[in-house]
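Undergrad: how would this look folded up:
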Amino acid sequence: QVQLVESGGGTVQTGGSLRLSCAGPTSGAYTMGWFRRPPGKEREFVAAISYLGSSNTGYADSVKGRFTISRDNAKNTVYLQMDSLKPEDTAVYYCAADSRGVGKFSTSADFWGQGTQVTVSS
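TA: Reported below is the predicted structural model:
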């Protein structure tokens, strides 16, 4: 069983920044990424990155230009740098890992973390 452990959530004011981290699989070439569940809404895709790194990434339109996903395979860790945060970014953020590629990264991902709360105050 693959365990994913997120960290870095918290409360920040509008326009601020946070960086989420996810300790991921110690073996296997997984695509990794982030989803979020805003209050009262369904889980939605945020960003994904292939095992090969930043040459193959994907972002939701709502976060393009503000969020950056990266990974350090030597540390088995994926990061989500979130800048220019807005109140609508408030959500529980989940890390996920999947054997499929970035283009097929979805809520059907193989493995999930427990989630970390991000709150953006206005």
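
Undergrad: When you work out contacts or count neighbours from here on, use the C-alpha atoms and nothing else.
TA: Fine.

Undergrad: give the contact list for the residue nearest the centre of the chain.
TA: With distances taken as Cα atoms, centre = their mean, W34 lies nearest the centre of the chain, 2.4 Å away. The contact partners of W34, taken as Cα atoms under 8 Å, 6 or more residues apart in numbering, are F45, V46, A47, A48, L80, Y93, Y94, C95, A96.

Undergrad: Quick one, which of the residues you listed are buried?
TA: F45, V46, A47, A48, L80, Y93, Y94, C95, A96 (16 or more other Cα atoms under 10 Å).

Undergrad: what helix or strand is the last one on?
TA: In this structure, A96 sits in strand 91-98 according to DSSP states H and E.

Undergrad: next helix or strand past that strand?
TA: Next helix or strand after strand 91-98 toward the C-terminus (DSSP H and E): strand 111-112.

Undergrad: on that earlier part again, leaving aside the residues adjacent along the chain, what's closest to the residue nearest to the centre of the chain?
TA: Spatially, and ignoring its direct neighbours in sequence, W34 is nearest to C95 (4.6 Å; Cα to Cα, 6 or more residues apart in numbering).

Undergrad: Tell me who's in contact with that neighbour.
TA: Neighbour list for C95: L4, V5, E6, C22, M32, G33, W34, F35, W112, G113, Q114, G115 [criterion: Cα under 8 Å, 6+ apart].

Undergrad: before we move on, the earlier item: which of the contacts of W34 sits closest to S122?
TA: Y93 (19.0 Å; Cα to Cα).

Undergrad: how close does that closest one get to Q13?
TA: 17 Å (Cα to Cα, to the nearest Å).

Undergrad: Strands of the protein, start to end?
TA: 5-7, 10-13, 18-23, 31-37, 44-50, 53-59, 67-72, 77-82, 91-98, 111-112, 116-121 (DSSP state E).
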